[in-house]
Structures are given as structure tokens and as C-alpha cells.
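A.B. asks: Here's a sequence, model it:
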Amino acid sequence: MIVEKMRSQIIPLHQNSRQVRSASSRFWRYGPLVLWAVLIFIGSGDVLSGSHTSILLRAIRWLFPNVRDESLAVFHLLVRKAGHLTEYGILATLAARAFRPSSHDLLRRHWFWISWLLAIAYALTDEFHQSFVPSRTASIYDSLIDSAGALIALTIIWLRWRKSEPHRKRASAGTQQVS
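C.D. replies: Numbering: from 1, shown residues only. As a prediction, the model looks like this:
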């Protein structure tokens, strides 16, 4: 009687610890993705508007005093667009990191497309958000740059994954033969 009561108390504790591990794993997989999305949202407000990022131009002017204003404007434009490319490359990388090991078959099998669609959707909503910020302008072209950054990052991840796949197959085949 006492043993049965102890077993009934131990089994739920074991199941709860598995659930806690699972929740912790999800937090570490999805947490960085959510945090990065929040940072993008904050940055798409006034914080990273052109007037604030133009501080870079003062440093360039100090380093190169004879640089023309037109060259500075082109440099500023390129830096801002590279920022779009990079921030959405990171967003897509974090999405792939969250979706590839997912316990949901759909997310795990289609991680590439789901990550890219998430980045595209977030880029479009980000530009929509910017249309309400007085110091920002919304541009479909920025969304295209964002989507391209996500696609580039996901393609690199996919290529590296495919390159390492034969090694994983050989390793698992060797493990099966040993067993």
C-alpha cells in the first residue's frame, strides 16, 4: 500500500520534469526569435530612423574630410540597406534554429519555407508599422531587401545542412551496424 502510494507520487513528478525540460527547450529555441522580432519592432520606430543613423556620416566626414556630400548620401543609403539585409538574415536564422528541431512535423519538415514566410510577413508588417512613424517612410522595396536577406541566410543554412548530411547518414549507419 505504501509502495503504491509512493509510485503514484513519483510518476507524476517524472512526467512534470519532462514537461519542464520541454518548456525550457522551447524557450531557448523560440526566445531569441521573439527577442529579435521585438528589437526589430523597436528599431523600426524613431530609434533607427535616418536622422539617428546619420551620426555615422559625421565619423566618415572626420576620417575623410574631403568626401563629397553625394558620396556620403550613397554611403548612408548602402549602410541602411545592408542593415535591412542583415537584420532579416538574423531573423530567418533564428526562425530556422527554432523550427528545424521542432516536435511538430510540419515545422520540422518545412523549416526553410516557414522561416522565409515568417520573415516576409514580418518585413511587410514592419514597413506597415513604419508608415505610422513620422520620422520613417514605409517602402515595399525595403520589404524586398528584408526578404532577400532572409532568403540568403536560409540558403546558406540549407547548403551547410546538405553538405553535412552525408556525414550524418554515414555516422548513423555506422552506429546501426555496431548495434
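A.B. asks: Show me the residue sitting in the middle of the protein in space.
C.D. replies: In the chain, the residue lying closest to the centroid (CA atoms, centre = their mean) is residue 91, at 2.0 Å.
A.B. asks: contacting residues for that one?
C.D. replies: Applying CB atoms under 8 Å, 6 or more residues apart in numbering to residue 91 gives the contacts 33, 36, 37, 40, 118, 119, 122, 150. C-beta: built from backbone N, CA, C; applies to glycine.
A.B. asks: Check the secondary structure at the fourth one for me.
C.D. replies: For residue 40, the secondary-structure state derived from DSSP: H, G, I helix; E, B strand; the rest coil is helix.
A.B. asks: can I assume it is in contact with residue 87?
C.D. replies: Yes - between residue 40 and residue 87 a contact is recorded at 5.8 Å, counting by CB atoms under 8 Å.
A.B. asks: Name the helix or strand of this protein that has the lowest mean pLDDT.
C.D. replies: When the helices and strands of the chain are scored by mean pLDDT, DSSP states H and E, helix 50-53 comes last with a mean of 61.
A.B. asks: quick one, helices of the protein?
C.D. replies: When assigned using DSSP state H, the helices of the chain occupy the ranges 2-42, 50-53, 55-63, 69-99, 105-109, 111-130, 140-178.
A.B. asks: which of those has the lowest average pLDDT?
C.D. replies: The stretch with the lowest mean pLDDT among the helices of the chain is helix 50-53, which comes in at a mean of 61.
A.B. asks: ok, back up a step: could you check the distance from the residue nearest to the centre of the chain over to residue 141?
C.D. replies: In this structure, residue 91 and residue 141 are separated by 18 Å, where distance is defined by CB to CB, to the nearest Å.
A.B. asks: Counting neighbours, which of the contacts of residue 91 comes out on top?
C.D. replies: Neighbours here mean other CB atoms under 10 Å. Within these, the largest count is held by residue 119, at 30 neighbours.
A.B. asks: Now for it: which residues touch it?
C.D. replies: Residue 119 makes contacts with 88, 91, 92, 95, 146, 147, 149, 150, as judged by CB under 8 Å, 6+ apart.
A.B. asks: Find the nearest non-adjacent residue to it, please.
C.D. replies: With CB to CB, 6 or more residues apart in numbering as the criterion, residue 119 has its nearest non-adjacent residue at 3.4 Å, and that residue is residue 150.
A.B. asks: Quick check: the one you found touching residue 87?
C.D. replies: No - Residue 150 is not in contact with residue 87 according to CB under 8 Å; the separation is 9.6 Å.
A.B. asks: Near residue 148, how many other residues are there?
C.D. replies: 16.
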